[in-house]
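[1] What follows is a predicted structure for the sequence shown.
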Amino acid sequence: MRDDHQHDAHDARDHDADDHDDHDDVASGHSHHVVARDGVATAPPVPPRRLADGVLELDTMLGGWTQVTAGYLLEGPRPVLVETGAQSSVPTLLAALDSIGLGPHDLAGVVVTHIHLDHAGGVGDVAAAFPDATVYVHAKGVRHLADPTRLVSSAATVYGDLLDSLYGRLTPTAEDRLHVLEDLEEIDLGGGRSLCAVDSPGHAKHHLALHDSLSGILFAGDAVGVRLPDVGVLRPATPPPDFDLHQARASLRRFAERSPVGIALAHYGLLDDPQGLLAEADEVLVDWAEVAESAWRDGRDIAGALSGAFALTGVAPEHLEKAEVLSGVHSNAAGLRRFFETEERERGAAG
Ligand SMILES: [Zn+2]
């Protein structure tokens, strides 16, 4: 871990010291308002899929579901994995990497867009399996990978039973394996190719996107939202405790300015028409925030208002649970409520 970023990796609890609830401090991400999953029939492994020259999509199959959580392998002289997925996905991920002949000493790096467990829960185990790989992470997330104790206990309060039945936990990563990515820092993939880190807070304050110089694809994590192929609708991902509407919209504008060729979502897959997608993501954020804010001001149930306004119609029942886990109204309502409350408190303090 590089010392020059210690000042940024401040304690999230201190940072949020005036917040009302401190249970969901760092580790929310997605909703736990689904039934705990015991004995789920899992689909067979999905072979890695080539998205572009030097880019493979790996289905990490959270919960045994296909096309819900993606990792991406950037091939070449110095291969780098983007997202490990949850700890429960590690066997699937390792089998996929093995199937393409990637040996224990062949992976140069692992980068996570942010430290929510569905993205970074596998980091410790993947770092152990690939002892030469550097682990890249945002300054505001790095200490949680070195010592996941608080991240995991925080996740336990947010996810409930799903922590163990769906996500798994997080094994620590040795500090000398961790590398803090600064905004616009480039990870060297070899052969003149690089992966540029784009600081993109909003969904979480420890969120980065990664822009590949070769393919032109932007790996956007959760900053653009969630669009599961089986659901077919782009929904925002606005969880507590960090969600910030202004930052989220600014991150979308940053992405647009970079003119990516395509945008790869963690949930799920590569989408073309990046400018159209980013415009849609902005519109969707604003629409959800408007519905949530008006319910909040009227003292109505925010999640109920969001469910009513943005009901998923024509989606098969077996796919609805996936949508609820990854972009559910309860998690989004809680994040939006917290954002409005924080804004109002800050306005009050300023006035
Ligand atoms: Zn996610």
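    In hand now; what should we look at?
[2] contacts and neighbour counts: CA atoms only from here.
    Fine.
[3] any low-confidence regions in the stretch 1-150 of the chain?
    1-42 (pLDDT under 70).
[4] Convert stretch 160-180 to PDB, retaining C-alpha atoms only.
    Output in PDB follows, covering the C-alpha atoms of stretch 160-180 (Å, rounded to 0.1, in the frame of the first residue of the first chain):
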ATOM      1  CA  GLY A 160     -28.500 -10.300   6.400                       C
ATOM      2  CA  ASP A 161     -28.700 -14.000   5.500                       C
ATOM      3  CA  LEU A 162     -27.600 -13.300   2.000                       C
ATOM      4  CA  LEU A 163     -24.100 -12.500   3.200                       C
ATOM      5  CA  ASP A 164     -23.300 -16.200   3.600                       C
ATOM      6  CA  SER A 165     -26.000 -17.800   1.400                       C
ATOM      7  CA  LEU A 166     -25.300 -15.600  -1.700                       C
ATOM      8  CA  TYR A 167     -22.200 -13.400  -1.500                       C
ATOM      9  CA  GLY A 168     -19.700 -14.900   0.900                       C
ATOM     10  CA  ARG A 169     -17.200 -12.800   2.700                       C
ATOM     11  CA  LEU A 170     -13.800 -11.300   1.900                       C
ATOM     12  CA  THR A 171     -10.300 -12.600   2.700                       C
ATOM     13  CA  PRO A 172      -7.700 -10.000   3.500                       C
ATOM     14  CA  THR A 173      -5.000  -9.000   1.000                       C
ATOM     15  CA  ALA A 174      -1.500  -8.400   2.100                       C
ATOM     16  CA  GLU A 175      -0.700  -4.700   2.000                       C
ATOM     17  CA  ASP A 176       2.300  -5.100  -0.200                       C
ATOM     18  CA  ARG A 177       0.000  -6.500  -2.900                       C
ATOM     19  CA  LEU A 178      -2.300  -3.400  -2.900                       C
ATOM     20  CA  HIS A 179      -1.800  -0.500  -5.200                       C
ATOM     21  CA  VAL A 180      -4.000   2.700  -4.900                       C
END
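[5] could you pull out the strands for the stretch 251-351 of the chain?
    262-265, 269-271 (DSSP state E, counting those that start in this stretch).
[6] Could you name the helices and strands sitting against the longest one?
    The helices and strands touching strand 262-265, judged by 3 or more Cα pairs under 8 Å, 6 or more residues apart in numbering; DSSP states H and E, are strand 217-219, strand 269-271.
[7] May I have the strands that pair with the first one, each with its orientation?
    Strands adjacent to strand 217-219 in the sheet, as given by DSSP bridges, are strand 208-212 (antiparallel), strand 262-265 (parallel).
[8] got the contact list for the longest helix anywhere in the chain?
    Looking across the chain with DSSP state H, the single longest helix is helix 274-298. Around helix 274-298, the neighbours that count as contacts under Cα atoms under 8 Å, 6 or more residues apart in numbering are 224-225, 234-236, 245, 249, 252-253, 255-256, 259-263, 271, 301-303, 305-306, 309, 333, 336-337, 340.
[9] follow-up on the earlier one: what's the closest of the strands of the stretch 251-351 of the chain to L162?
    L162 lies closest to strand 262-265 among the strands of the stretch 251-351 of the chain, at 22.5 Å (Cα to Cα).
[10] Can I get the closest one in CSV? Just the C-alpha atoms.
    This file holds the C-alpha atoms of strand 262-265, laid out as CSV (Å, rounded to 0.1, in the frame of the first residue of the first chain):
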residue,chain,number,x,y,z
GLY,A,262,-18.6,0.6,-25.8
ILE,A,263,-19.5,0.4,-22.1
ALA,A,264,-19.3,-2.8,-20.2
LEU,A,265,-21.5,-3.0,-17.1
